[in-house]
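> Quick one, structure for this:
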Amino acid sequence: MKKIVIILISLLILNSGFKIGVDTNSKMKAIFIMNFTKLIEWPASYREGNFIVGVIGDSPLYAELVKMAKTKKVANQPLEIKRFSTVNDISKCHIIFVSENKSQEINSVVKKVKPNSTLIITTKQGLVDKGSGINFIVKNNRQKFELNKQNVERYKLKVSSNLEALAFTVK
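Below is the predicted model of the structure:
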């Protein structure tokens, strides 16, 4: 009897549309990224057309950003999300998120976006020392980020003092 009840409850949950395993970490990172767009200033030539956020590699963050793009804008620019499989696929974008499975290619990503005003965001320890502007970290079970202001400014981006104040560490 107990097994039947458990099976019925499981079937009800699965059929009700209740989502098991929602990636709240990716949702949180997507919210952070949208807030970064308010605290970083891109050159005038980047304030026209779509605001493009690229994701290189496999990450559940891509799906969260796609959901946000349906309802959000950056200033007056429509939000466009692109997925890139390889570094060679990367095209001009405002932000590039380097997924964990592509972290070892940070040097190639930095070279690829060098001529553009692109904010590089990563999730692996030490990548702010290798070219990333912002690196997501978890401290005391809370999502935080590191900021390498020099790396951000290298791409002709202006960092708000509010962003510096929010960063866990600033280099």
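
> residues near residue 98, how many?
Under the neighbour criterion other CB atoms under 10 Å, residue 98 is assigned a count of 29. C-beta: built from backbone N, CA, C; applies to glycine.

> close enough to count as contact, it and residue 54?
No. Look at residue 98 against residue 54 with CB atoms under 8 Å: they stay out of range, at 9.4 Å.

> for this protein, where's the lowest mean pLDDT among helices and strands?
Here the helix or strand of the chain ranked lowest by mean pLDDT, DSSP states H and E is helix 2-15, holding a mean of 37.

> Toward the C-terminus, what is the element adjacent to that one?
Scanning the chain past helix 2-15 towards its C-terminal end, the next helix or strand to appear is helix 24-39 (assignment: DSSP states H and E).

> Quick check: which helices or strands does that following helix pack against?
With contacts taken as 3 or more CB pairs under 8 Å, 6 or more residues apart in numbering; DSSP states H and E, helix 24-39 sits against helix 61-69, strand 95-98, strand 119-122, strand 134-139, strand 142-147, helix 161-166.

> at 7 Å instead, please
helix 61-69, strand 142-147 (3 or more CB pairs under 7 Å, 6 or more residues apart in numbering; DSSP states H and E).

> which residues does residue 160 contact?
Shown here is residue 160, whose contacts under the criterion CB atoms under 7 Å, 6 or more residues apart in numbering are 39-40.

> Next, work out how far apart it and residue 54 are.
Separation of residue 160 from residue 54 (CB to CB, to the nearest Å): 22 Å.

> Cool, thanks, signing off.
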